[in-house]
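Student: Fold the following.
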Amino acid sequence: QVQLVQSGGGLVQPGGSLRLSCVASGYISSGDAMGWYRQAPGHTHELVAAISGGGNTMYADSVKGRFTISRDNAKNTVYLQMNNLKPEDTAVYYCNGKGTWYDDRYWPSPRWGQGSQVTVSS
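Tutor: Numbering: from 1, shown residues only. This is a model prediction of the structure:
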């Protein structure tokens with residue numbers, strides 16, 4: 001089994017920053033790809049960023065230049081640093097683990113974190 005436990009999130013003003021963390025445990029290794037998704041009310045699930053086992057990254061166009069995904073293999077943790085946040089970034093963010101990475105794209109596995117609310121509002 002794979003467990004993904006998220007932390008971070010909260011309320012921030014436009015232009016502010018937040019960092020999400022996702023600690024993985026169980027049958028998962030540093031060679032596994034990981035991703036972050038989000039879902040806003042009335043919107044479909046959206047891939048925000050992903051990172052391969054080798055450290056390659058990909059981002060949704062809407063967050064390029066503002067969000068950074070990284071991983072600390074010693075801590076089995078993946079991070080999503082979110083800078084210059086906008087109201088349209090408001091959503092519940094989900095960590096996904098042990099997905100498929102191919103051709104610089106990421107397909108999710110059925111392994112999800114519990115979700116973290118991010119609200120960007122003045």
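
Student: Distance from the chain centre to stretch 68-76, please.
Tutor: With CA atoms, centre = their mean, to the nearest Å as the basis, stretch 68-76 stands 11 Å off its chain's centre.

Student: measure that stretch end to end?
Tutor: The first and final residues of stretch 68-76 sit 17 Å from each other (CA to CA, to the nearest Å).

Student: Identify the bridge partners of the residue nearest the centre of the chain.
Tutor: Centroid check for the chain by CA atoms, centre = their mean gives W36 as the closest residue, at 2.4 Å. Under the criterion DSSP bridges, W36 forms beta bridges with A49, C95.

Student: what does V118 give?
Tutor: Under DSSP bridges, the beta-bridge partners of V118 are G10, A91.

Student: dump the residue contacts of it.
Tutor: Residues in contact with V118 (CB atoms under 8 Å, 6 or more residues apart in numbering) are 9-10, 12, 18, 20, 38, 82, 85, 89-93. C-beta: built from backbone N, CA, C; applies to glycine.

Student: Please give the centre-to-centre distance between stretch 55-74 and its chain.
Tutor: Stretch 55-74 has its average C-alpha position 8 Å from the chain's average C-alpha position, going by CA atoms, centre = their mean.

Student: No further queries at this time; thank you.
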